[in-house]
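>>> give me a 3D structure for the following:
(chains A and B)
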Number of protein chains: 2
Amino acid sequence: MVFGNLGETSATGVAFTRDPSTGEKLFYGEWLPNAQGEDVVAGIRTPQPIRAAGHDQDSSLEKQMPEAYRELDRIATTLERHFRDMQDLEFTIQGGKLYMLQCRTAKRAARAAVRVAVDMVKEGLITKDEAVLRVDAGGIDQLLHPTLDPNAKKRLLARGLPASPGAASGHVVFSADEAERRAGQGKPVILVRMETSPEDIHGMKAARGVLTARGGMTSHAAVVARGMGKPCVAGVSAAAVNYEAQTMTITVYDEAGRATENVTIKKGDVITLDGGSGHLYEGAVPTVNAALSGEFGELMSWADASRTMKVRANADTPLDARTARAFGAEGIGLCRTEHMFFEEERIEAMREMILADDSRGRAAALAKLLPFQREDFVGIFREMRGLPVTIRLLDPPLHEFLPTEPKQIEHLSRTMGVPVQKLVQRTRDLHEYNPMLGHRGCRLAITYPEIYAMQVRAILEAALQLAGEGAQVHPEIMIPLAMTRAELERTRAIVDRVAGEVLDAAGKQVPFSFGTMIELPRAALLAGELAQAAEFFSFGTNDLTQATMGLSRDDAGKFLPAYVEGGLLPRDPFVSLDLEGVGALVALAVERGRRARPDLKLGICGEHGGDPASIQFFHKLGLAYVSCSPFRVPVARLAAAQAGLRARGESGGHGTA
Amino acid sequence: MVFGNLGETSATGVAFTRDPSTGEKLFYGEWLPNAQGEDVVAGIRTPQPIRAAGHDQDSSLEKQMPEAYRELDRIATTLERHFRDMQDLEFTIQGGKLYMLQCRTAKRAARAAVRVAVDMVKEGLITKDEAVLRVDAGGIDQLLHPTLDPNAKKRLLARGLPASPGAASGHVVFSADEAERRAGQGKPVILVRMETSPEDIHGMKAARGVLTARGGMTSHAAVVARGMGKPCVAGVSAAAVNYEAQTMTITVYDEAGRATENVTIKKGDVITLDGGSGHLYEGAVPTVNAALSGEFGELMSWADASRTMKVRANADTPLDARTARAFGAEGIGLCRTEHMFFEEERIEAMREMILADDSRGRAAALAKLLPFQREDFVGIFREMRGLPVTIRLLDPPLHEFLPTEPKQIEHLSRTMGVPVQKLVQRTRDLHEYNPMLGHRGCRLAITYPEIYAMQVRAILEAALQLAGEGAQVHPEIMIPLAMTRAELERTRAIVDRVAGEVLDAAGKQVPFSFGTMIELPRAALLAGELAQAAEFFSFGTNDLTQATMGLSRDDAGKFLPAYVEGGLLPRDPFVSLDLEGVGALVALAVERGRRARPDLKLGICGEHGGDPASIQFFHKLGLAYVSCSPFRVPVARLAAAQAGLRARGESGGHGTA
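So this is what the prediction gives:
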């Protein structure tokens, strides 16, 4: 909107009707005497504040041109009322006379967006639904983690994968023990490893953040760090980690992708990780903890009121479950049982199971794991106080539990009394060329049914214990990586047999349901078949994307950026669902599944469960819930509410979808 | 058919109207005086021949009971005429009187089946079409390779994957050099390796057969051995190969899967491989070279006459192409260009290309590869004399070309003048967790377009050279692993640019077409999109099966047998197409592709191109051709003819499909 176009001016400026960083309702802006509009933006001269506040009141427009200031303030208020949104205004003053050059909806930080939306409802400018629709759901993620101070100077050393969000600075250490020792002395540390393994967990717990040279978004480091809510940058391929020298040498690339120099980071040097962008910076970059103001909670309550699709969290431990509830999760959509086996005392029994020569040896080792697993479920069920919990039975290939480094193998050999040679041979036997497509998921149950039997026993015994405490528990037992109906029938038989044993012995009933992940194209194509043996489907869109597109998330870093930058793909399909391909397959499976079983319960538990664009798509398909990592739950709640409001807007009514 | 049921008998026997091993038209069978029918079958007493021939004429039925014999012969001939097929008869003789107990269509060996069918046409008993339908297409595979003598005694040591068919015996050697040395001395050798790499090719050429402890159906050993038409058993996981001790220790399992003992095979010990079953035997088991009689050729000519779907071969070298033509291939459906780079002189340039720091370095190395690649194409085009040749541009991830063993790396470091450290680092950079889903196929062309540019240049320069010799060549340039239309447009631009350069410089035209493999579920789902940028589709059903089912062929050996034996899958989906899942996806892609481009040329080049059940399915979809390994071409020709005849039979007419 142009009020006038002037030649010579005596002052010019830019104003916001509210503070674009915080959303506070105060007139905000900058001006320059004797200047063109570009001078304010270009940053050649230091502009002066519009409002008289703080230490520089004298230079303010309010003090220097009080009449023009008052008129500007009045016009700004009128414009904001007219457009019913925060405005960004360009003005000029000539001979004391104010001219408005332009006005438009103002860009604002996530925190400001929340506050402005909530305030405007209270001011009667907009409705609660409008407030919910006003806030960019993806943007509020930054309100949930510490972030780098945007004004801080920083030097980028390398890029990796944004494996777990949040920012952290600390002294570099190269071993978990060192991390624990230094952190115990009160020093902030960043644990740097080639890749992490279960032996590193105590170091990860002690560290502020984790960096790995190898591995991807589903690597051990990434998964564990996300579970801990700790920043992690994975797969920094430009970094060469040398444990002996205790150094990390980074090849620094310029914008054009040319290597410019090598930077060597030694033990004790300080670095900063941004797990949200996957960037690694030199030294300590200041971070900001955006306070979650009361407005944020208020907005979320409005979102929840207009939301029809449920939001659950992916949570593997009682602590995860507590975090998930705190963020408003309405259940657990994915409890990955394998992470429970990585803890130090448990992994030994797990390894004993893997190294057993026969079914009897496996059963003996599994008996040791049973109490741990049961206690985990008891803890999770307690935290979730009656909300639904979907438990996925063991999924990863067994070799993930065996140590790979010679030192670890020797240690295991001593503690277990198994010759190194046998350990090496068994590890070699279990090696897979493409573990993603290998002996995992319910395929483990076809060859080693005793594993799932132990897990089902742990689930039902835990549920019985809770029932004894007067709590309602309805576990949803979920089979991973199914591709045939026969697999579901076979695993269902294990579940029914164990349930019979456990519940008959207790003389009590526990309601539970049985379902499957849909994470292979074949499962989606044959959803009608699978639905005859499953009471619910949960779409594992991470794996479904990998298989449908033939893309390994851990390896795609070498070429996927070129695809997105070159416009070959509209966006990273692991962040936002590939609607044309993977999405079409999900839609087909929903339709075929429902046709076979009209009351089929449908949800999704891939990372896409926390992506607003994907959530909108899932809402259109009518899924019952999305499930995402605990820290993304508020994003998903807001996005799900928006999807519902938009759908109602499109259909013209206000009925529920 | 029961002629009577007698109490006490004085003689009993079983007779065939023709020889069930060879198909020769002579009355064949065995009898026992004073016996029940079971005695003949049970093998407790040694039965006597029916016909007087060879060294044991006196004991024959013909000599001992000439009248009964003549009556039996007469009845047999009548029955065969009546049923119009070779019969298996049970009879008994009491008091000189002949009673027929049963008669049924006789089981027969593949060789006999061919001969009987052809003879019966000549005898006017059946039509040529009936003859074509009579022979089990899958069974004739055994006529094309040496096989183990079914009557030989043998001791099974271990099972692996049937990686390349045929049987071979020889002395075990553990290195390619040793294989070459001993074979040079005229000794038959079997090369045993953990897994093979390009450095082993001279040893594989020298050996009678190859065994690897690791790797699967698409491992280097398997692919190269199939190309050489040499028996290979891969992935013998029960075998521990020790290069230092020059031994292979095999854990022998009994039928129930219990380990019974360890057998250690030393260098020089003799073993026998059956690449058709994947079995490994102790010592030398005699093999038989089933002679391809004239009848076989005659049957194939009838099959070809009634066949509508073309049969091509997968062939990578001029030698492969010659074999393929000899077996009746009507073109090459898949020429994998990467195997050309594994030859010793070429792999160095390939490695130079991979290790180059930038596009210029890569171009320089590729310039060295260009003449080799061009010569390969010239050779293949010459062999195929105008038949269509589909050339797939580079597909595998680059790390497959780098050495993995320290000794090889040191050697490469010396010959290339590149520090070991750099080689190790580059190999580590290229490492992939799931190479099947990694940086391969046309993804290589998005990041390194110069590779495909060199290959297209080689193809067109070779075609020009052939045109100069007066030969017609129509190359079909095929893009692997496409998942988006944009990839095809991007690679098409490379093809068009290079074609412009090459053809303009020559001032001549070469007709070529441009198409893509459909080997990812996303490509099948988006076939309508892809067809707009591709003139032909070739279904890569191996990879499509892997992605759709989430099954790595190299790793599935650990659980797929349990699936097939346990009835969870009807058959090995890498042998016979999974019609419900993968097949449905192929059908969907055919339909969507044709809708977008009615003249879309459709074929298939996975291993399923040689499987009769799959071929029948492809015929129903109306594909233009199937392509399989050269040795499977006759199988495919027969199966394709049968599919056509069955379809015409079902539709009731005799028109062409």
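>>> next, count neighbours for A:Asn465.
Heads up, residue A:465 is Gln, not Asn. Neighbour count of A:Gln465, defined by other C-beta atoms under 10 Å in any protein chain shown: 18. (Glycine included, C-beta is placed from N, CA and C.)
>>> phi, psi of A:Gly593?
phi -60, psi -50 (degrees, to the nearest 10).
>>> local confidence estimate at it?
On pLDDT, A:Gly593 comes in at 98.
>>> please name the residues that touch it.
Neighbouring residues of A:Gly593 by C-beta atoms under 8 Å, 6 or more residues apart in numbering or on different chains: A:Ile518, A:Ala527, A:Gly528, A:Leu530, A:Ala531, A:Phe537, A:Leu600, A:Leu602.
>>> wait, isn't the fifth one in contact with A:Arg592?
Read it as A:Ala531. Yes. Counting by C-beta atoms under 8 Å, A:Ala531 touches A:Arg592, with 7.4 Å between them.
>>> more neighbours: the two, which one.
Counted by other C-beta under 10 Å, A:Ala531 and A:Arg592 do not tie: A:Ala531 has more neighbours, with 26 against 18.
>>> next one: that one from B:Cys232, what distance?
Applying C-beta to C-beta, to the nearest Å, the value for A:Ala531 to B:Cys232 is 42 Å.
>>> now do the SS call for A:Met100.
When classified by DSSP: H, G, I helix; E, B strand; the rest coil, A:Met100 comes out as strand.
>>> so it touches A:Asp88, yeah?
No. Using C-beta under 8 Å, A:Met100 makes no contact with A:Asp88, being 11.9 Å away.
>>> can you pull out the strands in the stretch 551-657 of chain A?
Along the stretch 551-657 of chain A, counting by DSSP state E, counting those that start in this stretch, strands occupy A:601-604, A:625-628.
>>> with only the CA atoms kept, save stretch A:472-481 in CSV.
Only the C-alpha atoms of stretch A:472-481 are listed here, as CSV (Å, rounded to 0.1, in the frame of the first residue of the first chain):
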residue,chain,number,x,y,z
GLN,A,472,-6.3,-49.5,33.3
VAL,A,473,-3.9,-50.6,30.6
HIS,A,474,-4.6,-51.5,27.1
PRO,A,475,-1.4,-52.5,25.3
GLU,A,476,-1.3,-52.5,21.5
ILE,A,477,1.1,-55.2,20.4
MET,A,478,2.6,-54.3,17.1
ILE,A,479,4.5,-56.5,14.6
PRO,A,480,7.2,-54.8,12.6
LEU,A,481,8.1,-55.4,8.9
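>>> can it be found next to chain B?
Yes. Counting by C-beta under 8 Å from any C-beta of the partner chain, chain B has neighbours in stretch A:472-481: A:Leu481.
>>> need the max-distance pair from the contacts of A:Gly593.
Checked with C-beta to C-beta, those reach their widest spread between A:Gly528 and A:Leu602, with 13.6 Å between them.
>>> out of those two, which sits in the busier spot?
Using other C-beta under 10 Å, the more surrounded residue of A:Gly528 and A:Leu602 is A:Leu602, with 22 against 17.
>>> tell me how far the closest residue to that one other than its chain neighbours lies from A:Met309.
Nearest non-adjacent residue to A:Leu602, counting by C-beta to C-beta, 6 or more residues apart in numbering or on different chains: A:Leu623, 4.8 Å away. Counting by C-beta to C-beta, the gap from A:Leu623 to A:Met309 is 6 Å.
>>> same question for A:Ser552.
A:Ser552 is 30 Å from A:Met309, by C-beta to C-beta.
>>> if we can go back for a sec, nearest to A:Gln94 among the contacts of A:Gly593?
Of all those, A:Gln94 sits closest to A:Leu602, with 63.5 Å by C-beta to C-beta.
>>> residue contacts, the closest one?
A:Phe536, A:Phe537, A:Ser538, A:Phe539, A:Val590, A:Gly593, A:Arg594, A:Leu621, A:Gly622, A:Leu623, A:Ala624.
>>> can you report how many residues lie near A:Arg84?
Count around A:Arg84 with other C-beta under 10 Å applied: 13.
>>> so who does the residue lying closest to it once chain neighbours are set aside touch?
Using C-beta to C-beta, 6+ apart and skipping residues adjacent in sequence, the residue nearest A:Arg84 is A:Leu125, 5.1 Å away. Taking C-beta under 8 Å, 6+ apart, we find A:Leu125 in contact with A:Glu80, A:Arg81, A:Arg84.
>>> could you do A:Leu585 as well?
A:Pro521, A:Ala524, A:Leu525, A:Leu544, A:Thr548, B:Pro521, B:Leu525.
>>> which parts of the stretch 51-200 of chain A are strands?
A:87-94, A:97-105, A:147-148, A:156-159, A:161-164, A:167-173, A:189-193.
>>> can you tell me the closest non-neighbouring residue to A:Leu366?
Nearest residue to A:Leu366 in three dimensions, chain neighbours excluded: A:Met454, at 4.1 Å (C-beta to C-beta, 6+ apart).
>>> element containing the one you found?
If you go by DSSP states H and E, A:Met454 is part of helix A:449-468.
>>> A:Val252: neighbour count?
16.
>>> now for the strand or helix carrying it, which elements pack on it?
Following DSSP H and E, one finds A:Val252 within strand A:247-253. Under the contact definition 3 or more C-beta pairs under 8 Å, 6 or more residues apart in numbering or on different chains; DSSP states H and E, strand A:247-253 sits against strand A:156-159, strand A:239-242, strand A:259-266.
>>> residues in the stretch 401-550 of chain A within reach of chain B, list them.
Selection of the stretch 401-550 of chain A residues close to chain B by C-beta under 8 Å from any C-beta yields A:425, A:428-429, A:431-439, A:443, A:446-447, A:481, A:483-484, A:486-487, A:490, A:519-522, A:525-526, A:529, A:543, A:546-550.
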